[in-house]
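*Asks:* Sharing a model that was predicted from the sequence below.
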Amino acid sequence: MAWQSLLHRLPPVSVMIAGLILAIVVVLVIFAPMIAPMDPRDVSSYSLMDMEIPPAFMEGGDSRFLLGTDNQGRDLVSVILFGLRISILIGLGAVLFAAAVGVVLGLISGFFGGVVDSIVMRFADVLVSFPTILVALLISGIARAQLSADTVLLWAPVILIFAIAVNEWVQYARTVRASTMVEVARDYVRAAKVIGLPSGRIMMRHILPNVMSSVMVISTINLAGAILTEATLSFLGAGMPPTYPSLGTLIRIGNQFLFSGLWWIAVMPAAVLVILVLAVNVIGDYLRDRFNPKLMAR
Amino acid sequence: MKTYIKTLLAGLAVMVPLATPSLANTLRWSSAGDVISYDPNAQVDSFTQSVQHMVFDPLVRRNNDLVLEPALATSWEVIEPNRWRFKLRQGVKFHEGQPFNADDVVATIQRQIDPGARNRENLSAVVGVEKVDDYTVDLILRGPYPLLLNDLAAIYMMSKSWMEAHDALKPGNNTTGVTTYASNHANGTGAFKLMSYEPDSRSVFAVNENWWDKPQHNLTAVEFRPIASDATRVAALLSGELDMIAPVPLQDIDRISNTEGLKVMENPALREIFLVFSFRPELHTMPGKPNPLLELKVRQALWHAIDVNTIQKRLMRGKSRVSGMLVAPAVTGYDKSIDVPLPYDVDKAKSLLAEAGYPDGFKVQLACPNDRYIADEQICLAIASMWAKVGVQAELSTESKTTYFPRTDKGEFDVFMLGWASLPPMDGYSVLQALLATNDGEFGGSNTNGLSNAKIDELARSASVELDETKRVEMLKEAFRITHDQVLYLPLHQQPVAWAMSNKVDIPQFPDEYVRPWFAQMK
Amino acid sequence: MIRILSVRLLQALLVMLAVTAIAFIMFRFVGDPVAAMVREGATQAEKDALRATLGLDKPLVLQFIEFVGRVLRGDLGTSFRYQQPVASLLMSRLPATLELVIIATVMALAIGIPLGVLCALKPQAVLSRLTQSMTLVGISMPTFVTGLLLILIFAVNLRWLPSSGRGDLVDLGFWQSGFLTASGLKSLILPSITLALFQLTLIMRLVRSEMIDVLSSDYIRFAFARGLPRSYIYGRLALRNALMPVVTVTGLQIGQLIAFAIVTETVFQWPGMGLLFTNAVGYPDVPVLAAYLLFVGFLFVLINMIVDVLYTFIDPRLRTK
């Protein structure tokens, strides 16, 4: 019986596979410069003579290029690895930024209540009335109109992180605020207040740990969303430039060749993107069921 | 289902079917951009002007060989150096029935040269217009001007009474936001009537049964749909929703040629693609230091460093023509002996850079549009890569034409990509006047990067008033020779014009990239 | 109750005012409108004259008040790109987007509800488990990838359905509809499937969790105990109760869906408000961006108000508060 209960406690196979995929992705992304056959950041390594070679397993393929090359003669394995890196970086950046802002505002708003609470929550109401993709497109459009071309180029990842995070923090703020209000009403917090402990310390020491599991779950689910949003923006041409392509940029470039028989330029990065997001979603789903079944399905 | 719709239609008087009836000879075609406005004076977009030409006729037009021929004017003579007299065609009617006469020409020309007209530069030589009688008109010029007929081929005649009735005598202007009834309606004398215009969606045209000219087409209607995405446009042709796409992306030519029922047409276009150098004292990338691009040797090195033949073979799929000057062979002023690019030579490039004092290269901005020219973004990435091999680091930025061109106008870039088709006049003077001459308010309107060459300025001024064609062409050629020898611009290639269409369609192709459905036959 | 409603109304007004302020800031500060509108090579005097005509030289507060006044009158300015009043431009694109959203919603409900019920009633059935895992794949596929796949399969390879545009339309005077022609309906299929997938997952999951909740409630147990027929319990008692929140959420989601149609419309060149918006982002056509923002904000506030009011009537507890 013991092994059965142990088996029961283990996550399902799908979650384990997803975890394995994510672990591999993390390793690949961290060691990309060492693993990738070429460095796409080095422009001088491109060679037009190598452009549009099909994947190695196809006729006309070249063993140097496992997944083939793109329209600039760049090795797809390498561009995808570095693209994955940028996609994950922006996804994580957006989630961390949103979580930081959301948790702080949620804590403050739940702890102090009153006017502060009203202002923050009304502001949140306004923001969530606009879908992330709309806000993100707007911000990146505005940035493009306001800044010079090289500034946009230099700051593209930061602009994207900000654009995506700008209305993702609301979910954190609402959840944290709700939990905080529950905790604030508890005796130990009241006691702490009575002793005169500083509010910041009460929040950090006593309330924050209680909301962390929700924050983790939301973050995992939002990570998938953030990666997708970034990909969509880049696909629409409002994201990462072709010199520093994310997976979405690669799909945008490949899309031009989709009907020309050069399907791999779009399909390879798209497949990687879907697998990555799927893996994150599977784990997010599992975490939600496990730790916080009350969180609403999106 | 069909009868049901008909009953419904009959029942509701307000209902107007927008769809063109699916008659056999409807030409359904698509391009990447839409018509910006149907007001001939509101914009300077050559694609928009090409579509407007379906609806409007000019006084003189280009025939099947792009040679100028009489259209709404039947004859003309130069009475004085600055006064041209035009005899107008009689018996011509506008689509809505108004007869065409001298009053319409006067109103149209006044609208064209109105200070509020966005494209008044297209007729900058004309300062006035006078009616002589109902079918005779005089144009008053600033001075002697050799290219008046070329310019007039792009001036579309509008109806005075129609403009009066709809309060559209003053021109619309796309940049100042002035719109009139003429912005989304059109009443011309042309081969086709505009039936409906839905921006970003479609324009529907019917045949003008009362056209003054004998139609050379057998169409019953034309439907134009703008589809921005290359892939979607190709998909629509492959799935049979369209009869023709212009342009077809080069990478899809093979696939489409091999698809049964479809064919591809390609020819060299007029448009030359080149890089523009900054001649300002400093580069944006190196503030406080002298601009290396001011050195001839540096500019030569940058040219030697670009493998134009590989770009032609791979990125342009062998469809472009490598070139060494800014005008195409079909344009007046072209000179074969100048049209030679500097050879691809990495060592030469490196030694030239070293001689100029930049043995380790330098940093420079390189800017390109990503939706204007064929493979623009790809070409720029390739150039950045080639320059990197001689030590020149290009900071590449690419963006949509809508934000790109305002920036080039403001001189925000060190090196940027530009295309020039010498349209509408199809004359090398267009390059000399707009790109090569110093920007002084009158000349050099598109020379935004500080280029200034005294000899060229002199040539530009003399050519602008030279009526002796041989002398004038010599002046153009001399200016182009200086441009080439001094590497004032870096020419890359001449673009192809490539269209894909159903085998049912038979339409001539022109280097000015205009789609001229009035020459189309459908089976 | 009147007090609650008026508080709600006040809040809605405040939200709209905030959105209007954002729209105004965009309008006024994103890309100098004068630079965007003046002709190339204009003199300073020309620019100043234009600035004055546009009223841009007045104090900011005054400009904002004027802006609010214009918005209230339905005057949202003139599009830089189309040279048409933005309000009429938006209205002319509204039918395309609404038809797409309506069909997508119907599709999502028609498929999502039965699947959700199935997953709740028979969680171990093969189809349920398949559905459950497919929804995860569904939300992991970016909309543009789904759209491109559908085009590749059904338009290019099979040539069954059109890849872009709305097909033939019938003008009803106030509304250009694609519902009345065969080609219009065919054109709707691929984009609406693409858009529906986004909502389908949500509806399915919601129906499933609501059904599970309802099925474990006391009165359903009583119904079983009384020996009422299963079909009656599931169909009449359980589903009806489970559907209430589903309908609410679907309603609330319509605003989101209209904005979410941005990507779908771009992929399929669907001439709705979303395509208008993406084109405006690239231009950038600030009046259109600002107006679209106002529109989505207004829609959201309106839908929320309706839901709030309905709830106040339905839920007696809210009435007495």
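*Replies:* Received the coordinates, thanks.

*Asks:* need the longest helix for the chain.
*Replies:* All of this is about chain A. Secondary structure of chain A per DSSP state H: the longest helix is helix A:76-112.

*Asks:* ah, no, chain B please
*Replies:* Secondary structure of chain B per DSSP H: the longest helix is helix B:469-485.

*Asks:* ok, and what's touching that one?
*Replies:* B:146, B:324-327, B:332-333, B:335, B:338, B:340, B:428-429, B:431-432, B:436, B:453, B:455-456, B:459-460, B:462-463, B:466, B:488-489 (Cβ atoms under 8 Å, 6 or more residues apart in numbering or on different chains). All C-beta atoms are positioned from the backbone trio N, CA, C, and that covers glycine.

*Asks:* Help me confirm that C:Met16 comes into contact with C:Phe295.
*Replies:* No. Look at C:Met16 against C:Phe295 with Cβ atoms under 8 Å: they stay out of range, at 11.3 Å.

*Asks:* which one of the two has more residues nearby?
*Replies:* C:Phe295 (23 against 19; other Cβ atoms under 10 Å in any protein chain shown).

*Asks:* Establish whether stretch C:231-249 and chain A are in contact.
*Replies:* No. Judged by Cβ under 8 Å from any Cβ of the partner chain, stretch C:231-249 stays clear of chain A, getting no closer than 9.2 Å.

*Asks:* Which ones among the contacts of helix B:469-485 map onto helices?
*Replies:* Reading helices off these with DSSP H, I get B:Tyr429, B:Val431, B:Lys455, B:Ile456, B:Leu459, B:Ala460, B:Ser462, B:Ala463.

*Asks:* From the residues you listed, pick the one nearest A:Ile86.
*Replies:* Ranked by distance to A:Ile86 (Cβ to Cβ), the ones in helices among the contacts of helix B:469-485 are led by B:Val431 at 41.1 Å.

*Asks:* can you pull the contacts of the closest one?
*Replies:* B:Leu326, B:Val327, B:Gly333, B:Trp420, B:Ser422, B:Phe480.

*Asks:* Point out the least confident member of those, please.
*Replies:* Among the contacts of B:Val431, B:Ser422 has the lowest pLDDT, at 84.

*Asks:* Just give the nearest non-adjacent residue to it, would you?
*Replies:* Using Cβ to Cβ, 6 or more residues apart in numbering or on different chains and skipping residues adjacent in sequence, the residue nearest B:Ser422 is B:Ser430, 4.3 Å away.

*Asks:* Surely that neighbour and B:Leu436 touch.
*Replies:* No. Using Cβ under 8 Å, B:Ser430 is not in contact with B:Leu436, being 10.2 Å away.

*Asks:* Between the two, which is the more surrounded one?
*Replies:* More crowded of B:Ser430 and B:Leu436, by other Cβ under 10 Å: B:Leu436, with 27 against 24.

*Asks:* From B:Ala354, how far out is that one?
*Replies:* According to Cβ to Cβ, to the nearest Å, B:Leu436 and B:Ala354 sit 30 Å apart.

*Asks:* now do C:Ser209
*Replies:* For C:Ser209, the distance to B:Ala354 - Cβ to Cβ - is 72 Å.

*Asks:* quick one, which of the two is more surrounded?
*Replies:* Using other Cβ under 10 Å, the more surrounded residue of C:Ser209 and B:Ala354 is C:Ser209, with 18 against 15.

*Asks:* On the pLDDT front, check the more buried one for me.
*Replies:* 81.

*Asks:* quick one: secondary structure of the residue most central in space within chain C?
*Replies:* For chain C, the residue sitting closest to the mean C-alpha position, by Cα atoms, centre = their mean, is C:Ile258 at 2.1 Å. Here C:Ile258 is recorded as helix under DSSP: H, G, I helix; E, B strand; the rest coil.
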